[in-house]
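Visitor: Okay, here's the prediction I keep looking at, along with the sequence it came from:
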Amino acid sequence: MNRADLIDEVRTVTELSRTEAEAAVEAALQAVMTAIRAGDRVSLFGFGAFLPTTRAARLGRNPRTGEAVKISASSSVRFAPSAAFKASLNPKKAAKKSAKAAPVKKAAAAKKSAPAKKSAVAKKAAPVNKSATKAATSTKKR
């Protein structure tokens, strides 16, 4: 979906004229970009969150020549989809989770016990026979 498709979708759902729908989409996008430029997080319930990120200047390498290249600092944005959005993308997983979910019982407060004492003499584990493990894995059907 591109910008024109989004405007058409808003127009059909809201029954606005094309120019009104275009203005609405433009206003929403401008509001998100303005908030991100200011360094604010934009959270849209049920959709996700836009998080502003920054990268410090660093020294990189040209993979072809190996020459050092200065990479300037930059700002970007990261999108984190909401749990509801993820669930709508994976309906089978969401159904499994809700079916498995059982009422949560409160656990009794655990008693603190003294830490286990380490023995004075530590025993070494026997070395692993690598040839025996190779033979065992090579006989398995793949």
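Guide: Arrived safely.

Visitor: Now do stretch 47-63: everything it contacts.
Guide: 32, 36-37, 39-43, 67-82, 85 (CB atoms under 8 Å, 6 or more residues apart in numbering). Every C-beta, even on glycine, is put in place using the N, C-alpha and C of the backbone.

Visitor: for this protein, what helix or strand is lowest in average pLDDT?
Guide: helix 130-138 (a mean of 54; mean pLDDT, DSSP states H and E).

Visitor: In the protein, where's the longest helix?
Guide: In the chain, ranked by residue count with DSSP state H as the criterion, the top helix is helix 18-37.

Visitor: For the chain, which segments are assigned as strands?
Guide: 42-44, 48-55, 58-61, 68-71, 74-81 (DSSP state E).

Visitor: Quick one: closest of these to residue 10.
Guide: strand 42-44 (15.0 Å; CB to CB).

Visitor: Give the other helices and strands that the closest one contacts.
Guide: Here strand 42-44 touches helix 18-37, strand 48-55, going by 3 or more CB pairs under 8 Å, 6 or more residues apart in numbering; DSSP states H and E.

Visitor: Strand partners (parallel or antiparallel) of it?
Guide: strand 48-55 (antiparallel) (DSSP bridges).

Visitor: Strand 74-81 and the partner strand, what's the angle between them?
Guide: Put simply, strand 48-55 runs at 150 degrees to strand 74-81, going by axes from the mean of the first three to the mean of the last three CA atoms, to 10 degrees.
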